[in-house]
Structure formats: structure tokens, C-alpha cells
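>>> what's the 3D shape of this:
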Amino acid sequence: MALPRLTPFKLQPPLLLPTSILLFLILLSSLPSPSPMLTVHAMTPAAEPESQARHAAEPEATTPASEPQLLAWLSVGAAAQLHQGWRWLGVGPLMSSLGTRLGKGLGNKAGEDGEEEDKAKEFLAGKPQVEVESSGGRIEAWGAGLKRLEDADISAAVMTIEPESMSLPMYSNDEEVSYVVEGEARAGLISPEGIRTNVRRLRKGDAFAFPRGWGRWIWNDGKEPLRIISIADTSKEAHRGRYTAFSLVGAQKGKFGGILHGFSHRVLARAWGVEEGDVQTLLQGQKDAAIVKVDPGKVASGDLDAMDAPAAASAAAAAAAAHTDAAAAAAGAAADSEGTVAFGDFVYNLIDEQPSIDTARGGTLTSANGFKLPVFRHLGVAAARIDLMPNAVAAPHWLSNSATVHFMTRGSGRFEITYPDGRKALRRRVNAGDVIVVPADFPHAVVASGEGLEYVALSPKSKPKPGFLAGSNSVYSALPTAVLRAAFNVDGALVAKLQGSREDEYVILSPTKGG
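Okay, here's the model as predicted:
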């Protein structure tokens, strides 16, 4: 029996591409799953900021393939493997070309993403490095390796002190400005001549400053952890961008070990007028460094309340300070506050105090600077808390005399920075916990999400000098209309709209109708 002759079925042009793609997807789904582990080289996408430092320290290893890697691998590799199978469909050249182009496109996209992440690493601080950790708390720091911080001679850190714990007395060779993110504690300063200031109560929202060379301590006698963010001016250090602490007390442990361990017991015994056995007991009593748990048995009832009494310098300390002043004056130089003035007011609350800027439906900006706190003027530092309402904008601006470190403390939003030549430097969604470094003169803007955004900006300059690109005080509002028309090469109506759109708002801008 003769078999009937079959007439070849031909795909019509309108059906060719959709049918081919459908068959491609069917064949693709029938392939064995690729190995979930790929050795990645040139196509490795940029790591997330939190893991960049970790990846940099690890040797190249077999890395889990990300979605873009798998897509690119399937698009190019699998297309080649399927080419023979596609021949009988008559679409081999078409699908091979499609797979190759898709692979190249994804490769280019991965390259663009990698470039964006490389730029972000300049400004996004990422995860801090743990400097010291104990039962009493920990200190984490940024600085070494973060180019924008190093260029600005700034180090940044976050300190956590657990309840019933204390940051041991210490001093540093940096001027510091800090902000209390959460918790409460007592804090005190001691001048190099042994004159202490009044003990201050720290609480959420407090901005405070520590002078270079002054001793300080912080005691968390509350029920919640105390969390403090800080920056320090490291321009006077030999190692730029690195924070150096000198612990007056503590075990010989790591970089925060007590400085007394560097002396012999004999010398300390003679200096203190005690026995060498007493020195040994003093130096070996504390088994931890930097931040320690307080032994309740070592604190008598009423000791904490006694600390709150007004400070009074001893006659000897006062005489030493007076002698320092007289000696400096005799040498023809006035003694500065670093050595002889007790800073009674070194704390300013940025939540309770009257805002510097208050925009209806926009939010507030509250600052602590040299105008409001003498110690800030002397140390040359400043702090500001910006609380943006949903979809509000912190006007695009630059600071001509200072880099700034921005700590996101609540909510989310978008942070954008531009290079001087107009290229985008950073366009990124930010959340609580993110830290952004903005160099001096770099224009930047912040837009809150629908949940709002709060952040704190710390600066090593007591009087930051901003220039604005939007709002009633913007440079465009001040330029003559004719200059703007010629510069933008547009008609006068648009220039008038630009100059009149924010006549009643500046610095903090309310949301527009479009959100």
C-alpha cells in the first residue's frame, strides 16, 4: 500500500517570528538546568555596597550565578547549543542572531550597572568595619579605603553602648561632632589640665562636640542601647581619614588599649606616689577595652547623682590653668580654648529646638553651628537634622567650604549627586542606615519617598556655605531675566515660570502636584 504524499507545511511570514520564539522557549525549558555555580570573570556584576569590602578581600572563587549572568549565559551559550535543533525549523540564522544580540545587550547592561556601582562606591559608605566589640558595646568605623572621606580628611563612625555600660575615659587627636540616634546616657569632658565640665545628659536628637585632646566618657545608665554617629576632622593626622583614640583606662587590647600599659610600673608608681603593687592592681583590674560593662558592685548608691552636681575645679587645677594662660601670654600667644576653657555647653538638641527652616507640607531643618553653640564655632564643626515629609525635596545645593556626611536615620527616599561637569555621580534609593559622603562643591538633592525621610548631616566646618539651585534663594532667582533667557536659550515665559515657581519656599520644598 502506497503511503500518501505529504505536502510540506510552510510558516507564513506573519507567523514565523512568534512561532519561532514559542518553539525556542519550549526547547529552552526542556534543556538540563545549568549549573547553579558559575566561575565568573568579566561578567561579574558589581557587588552590593554592604558586601563590596568583603568581596574585595576574598580571593576569586566559584560564585553563585546571578540572574543577569544566567540570562546572558543562556542567551549566548544555549543559542549555540540549540542552533542545530533550529535548522529543521528554518529559523537557525534568525534565532542565533537574536540570541547573540540579546547576550550582547545584557552584557552591555551588566557593564552599565557595574559602572554605576563603581561610581556609587565613591559616595556610598557601605558597611562599616568593626573596630572593637565587647560585652559593653562596639565601635564601627568608615574611613580607610573610602576615597571621598579620605580626600575630605574625615573619618566617620557609629558607637553603640549597651545598657549599664560605659565608654572608658579617652581622648583623641581629632575634633569630633556627634549625634545621638537613640538612647540616653550621661557624658562628661575633662580638660587636659584636669578641669572637668558639668556632666551632661545625652538623649535622642542631641548634637554634641568633643575638642581635640580633651578627655571624655559616656555612661549608659538607661534601659536601652545608646547609638551615636560621629565624624572627626583628621586633617591634622599623619594618616589621613583615620581616627586615633588614646584610652586613659582599659586593658592592653587592640587599637583601643589603655595608654598606661606603655609605661613601666616603676615610673607610674613614682608619678602617682603609690606602690608598684598598687599600679599592677590598677592596670589589671579592667579586663576589657574601649566600652565595658559596669560592675554594679563598684558603684556606690548615689554616685551617679553626685556626678550631676555642678563641676568645681580644684585649687591646684585652677592654678595650673592660670599658669598655662600666663605662660602662653608671656610667650606672646593667647592660650586657646583647647587647653584652658571648660566647655559647659557642648550639647544641642536638634529635635526639641526651634527649626531653622520650617516649610508647610515640606518639613524642617534644624541646625547646630557656631552661631548657636560656642564650642561648635571653636572646633569648626556643624550638625543639621533634616526631616522631610512624604515626597518633599531638600533643594539641590552645594557647600562651597565643606564636605558633608549624611546619615539616613528614618524612612526612605532618593539621593542624587552630580559631578562638576554635569555627569551623574550618584542616583540611588536610600534607606535608614545608609551613609552618603558628599564632597565640597558637588551639587546634590534629596527627595523623600511616600513615607518621608529623616537624615542627619555632619560637617567639619562650623559655618557651612551653601548655594542653592532651587527655591526663592536659588542662584537662578538672582540672575537677571535676560541673562537666563540667553543662557538657557529659551523664551521669557519659561524663564518667568522658573523664577516664580518657588517664591515662598527655600531649602525645604513641598511636593509638587505630580508628587
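>>> am I right that Leu283 sits in a strand?
No - Leu283: not assigned to a strand; according to DSSP: H, G, I helix; E, B strand; the rest coil it is helix.
>>> that one against Gly262, yeah?
No - Leu283 lies out of contact with Gly262 (Cβ atoms under 8 Å); the separation is 10.7 Å. Heads up, the C-betas are built off the backbone N, CA and C, glycines and all.
>>> any low-confidence regions in the stretch 251-400 of the chain?
Across the stretch 251-400 of the chain, the ranges flagged by pLDDT under 70 are 300-302, 304-306, 308-344.
>>> picking up where we left off before, which one of Leu283 and Gly262 has more residues nearby?
Neighbours were counted for Leu283 and for Gly262 using other Cβ atoms under 10 Å; Leu283 has more, 18 against 8.
>>> what bridges to Gly413?
Listed by DSSP bridges, the beta-bridge partners for Gly413 are Val430, Ala448.
>>> tell me the contacts of it?
Taking Cβ atoms under 8 Å, 6 or more residues apart in numbering, we find Gly413 in contact with Leu388, Arg429, Val430, Val446, Val447, Ala448, Ser449, Leu453.
>>> between the residues you listed, which has the most around it?
Of the contacts of Gly413, with other Cβ under 10 Å as the count, Leu453 tops at 28 neighbours.
>>> report all helices and strands that the helix or strand in which that residue is found contacts.
Secondary structure assignment for Leu453, by DSSP states H and E: strand 444-459. Strand 444-459 sits against strand 175-182, strand 226-233, strand 382-388, strand 393-399, strand 404-418, strand 424-431, with contacts defined as 3 or more Cβ pairs under 8 Å, 6 or more residues apart in numbering; DSSP states H and E.
>>> now for this structure, the helix or strand with the poorest mean pLDDT.
Least confident helix or strand of the chain, by mean pLDDT, DSSP states H and E, is strand 37-38 with a mean of 34.
>>> and Thr404, how far from Trp398?
10 Å (Cβ to Cβ, to the nearest Å).
>>> who's more crowded, the two?
Comparing Thr404 with Trp398 by other Cβ under 10 Å, the one with more neighbours is Thr404, at 25 against 20.
>>> check contacts around Asp358.
Thr364, Ile508.
>>> who's it bridged to?
Bridge pairing for Asp358 - DSSP bridges - gives Thr364.
>>> do the same with Ile291
For Ile291, the beta-bridge partners under DSSP bridges are Ser167.
>>> picking that back up, ok, so of the contacts of Gly413, who is nearest Val292?
Val430 (34.2 Å; Cβ to Cβ).
>>> Gly411 is in contact with that closest one, correct?
No - using Cβ under 8 Å, Val430 makes no contact with Gly411, being 9.1 Å away.
>>> do a quick rundown of the helices in the stretch 251-400 of the chain.
Per DSSP state H, counting those that start in this stretch, the stretch 251-400 of the chain carries helices over the ranges 265-272, 276-285, 303-307, 315-330, 337-340, 374-379.
>>> so who does Val435 touch?
Residues in contact with Val435 (Cβ under 8 Å, 6+ apart) are Leu124, Ala125, Gly126, Pro128, Trp142, Ala156, Val405, His406, Phe407, Met408.
>>> roughly how far does Gly467 sit from Ile291?
Distance of Gly467 to Ile291, given as Cβ to Cβ: 41 Å.
>>> cool, Val132 as well?
Applying Cβ to Cβ to Val132 and Ile291 gives a distance of 7 Å.
>>> okay, and the common contacts of the two?
By Cβ under 8 Å, 6+ apart, the residues touching both Val132 and Ile291 are Arg138, Ile139.
>>> contact partners for the closest residue to His261 other than its chain neighbours?
Among residues not flanking His261 along the chain, Gln252 sits closest, at 4.1 Å (Cβ to Cβ, 6 or more residues apart in numbering). Residues in contact with Gln252 (Cβ under 8 Å, 6+ apart) are Gly258, His261, Ala289.
>>> from what I see, the first one and Leu268 are in contact.
Put plainly, it is Gly258. No - contact criterion Cβ under 8 Å: Gly258 and Leu268 do not qualify, at 11.6 Å.
>>> burial of Glu175, as a residue count?
Around Glu175 there are 26 other residues, counting by other Cβ under 10 Å.
>>> thought Gly380 was touching it, still the case?
Yes - counting by Cβ under 8 Å, Glu175 touches Gly380, with 6.5 Å between them.
>>> check which helix or strand covers Ala496.
helix 492-500.
>>> what's the average pLDDT for that helix?
Averaged over helix 492-500, pLDDT sits at 94.
>>> after that helix comes which helix or strand?
Assigned by DSSP H and E, the successor of helix 492-500 is strand 508-509.
>>> got the contact list for that next one?
With Cβ under 8 Å, 6+ apart as the criterion, strand 508-509 contacts 357-359, 362-365, 386, 388, 392-395, 470-471, 502.
>>> look up which residues are beta-bridged to Lys424.
Thr418.
>>> and if you look at Ala368?
Applying DSSP bridges, one finds that Ala368 bridges with Ala383.
>>> neighbours around it, how many?
Other residues near Ala368 come to 28 when the count uses other Cβ under 10 Å.
>>> cool, Ile229 as well?
20.
>>> please apply the same query to the one 3 residues further on.
Ala232 is flanked by 30 other residues according to other Cβ under 10 Å.
>>> right, and it touches Met159 too?
No - using Cβ under 8 Å, Ala232 makes no contact with Met159, being 11.9 Å away.
>>> just the CA atoms of the strand holding Leu453, as PDB, please.
Only the C-alpha atoms of strand 444-459 are listed here, as PDB (Å, rounded to 0.1, in the frame of the first residue of the first chain):
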ATOM      1  CA  HIS A 444      23.200  67.200  45.400                       C
ATOM      2  CA  ALA A 445      19.500  66.800  46.100                       C
ATOM      3  CA  VAL A 446      17.300  64.600  48.300                       C
ATOM      4  CA  VAL A 447      13.700  63.600  47.700                       C
ATOM      5  CA  ALA A 448      11.600  61.800  50.300                       C
ATOM      6  CA  SER A 449       9.500  58.800  49.400                       C
ATOM      7  CA  GLY A 450       5.900  58.400  50.300                       C
ATOM      8  CA  GLU A 451       6.900  57.500  53.900                       C
ATOM      9  CA  GLY A 452       9.100  60.500  54.400                       C
ATOM     10  CA  LEU A 453      12.800  60.700  55.200                       C
ATOM     11  CA  GLU A 454      14.900  61.900  58.100                       C
ATOM     12  CA  TYR A 455      18.700  62.300  58.000                       C
ATOM     13  CA  VAL A 456      21.500  64.000  59.800                       C
ATOM     14  CA  ALA A 457      24.300  65.900  58.100                       C
ATOM     15  CA  LEU A 458      27.600  66.400  59.900                       C
ATOM     16  CA  SER A 459      30.200  68.800  58.700                       C
END
